[in-house]
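*Asks:* all I have is the shape, not the residue letters:
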C-alpha cells in the first residue's frame, strides 16, 4: 500500500468552496475533461444534525497506460463518492473509491474542506489523502504499480487544483453578479 497526501489553501471562504464543490466537474473546469458523467444516487439531510449526505457515481474516461486498461478490461471507469456537508462545523468530507478494476487495485481517497484557522471567513483548507493498494501474486510488480499510481495521483492533484481554482473563480464571479443584480433591483 502507498499513501498520497496533499494539503493546500484556497483563497475563498468555506461557503464559496463548499458550493463550488458541487460544480467541480462542470465546463468551467477544463482540467476535468475525463469526467463523462456525475450521477447522484442518493441525497438526504439528517434532521437532527443538519448534515447533507450525498452519494454520487462518477464516470470517467480511462487515462491510464494501455497495459493497465488491458488488465481492467475497461476504457471507462466508475468511482463511488460519498460526501457529507456539515453546516454547523463547516466541514465538507468526500470519500471516494474506485469500482472499476477494484480486484486489481484499490484507490480510497478522502478530501476534507474546513475554514482556515487564521482566516476562517476568507480562506479554506483542503486536505487530501489516498491509499493505493495493488493486488497480485508478484510483490515487485504490485510495488511498481503502486509507486506509479502515487506519482500519477500527484500529477492529477495539481491539475485538479488548477481546475477547481477556475470553478471557484467563475462561481464567485457569478455570485457577485447575482448579489449586485439584487442590489440594483432594490
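*Replies:* Alright, I've got the coordinates. No experiment lies behind these values; they were computed from the predicted model shown. Numbers count the residues shown, from 1 in each chain.
*Asks:* any stretches of this protein with poor pLDDT?
*Replies:* Within the chain, the ranges that satisfy pLDDT under 70 run 63-73, 182-186.
*Asks:* would you say residue 94 is within a strand?
*Replies:* Yes: secondary structure of residue 94 (DSSP: H, G, I helix; E, B strand; the rest coil): part of a strand.
*Asks:* from what I can see it touches residue 80, true?
*Replies:* No: Residue 94 sits out of contact with residue 80 when judged by C-beta atoms under 8 Å, with a separation of 11.0 Å. The C-beta positions use only the backbone N, C-alpha and C, and glycine is treated the same way.
*Asks:* okay, these two: which has more neighbours?
*Replies:* residue 94 (19 against 15; other C-beta atoms under 10 Å).
*Asks:* tell me the spacing between the more buried one and residue 85.
*Replies:* 9 Å (C-beta to C-beta, to the nearest Å).
*Asks:* go on, residue 125?
*Replies:* 16 Å.
*Asks:* over to residue 78?
*Replies:* Distance of residue 78 to residue 85, computed by C-beta to C-beta: 23 Å.
*Asks:* please enumerate the helices of the chain.
*Replies:* Under the criterion DSSP state H, helices of the chain are mapped to 14-20, 66-72, 139-185.
*Asks:* and those: which comes nearest residue 31?
*Replies:* Of all the helices of the chain, helix 139-185 sits nearest to residue 31, with 3.1 Å by C-beta to C-beta.
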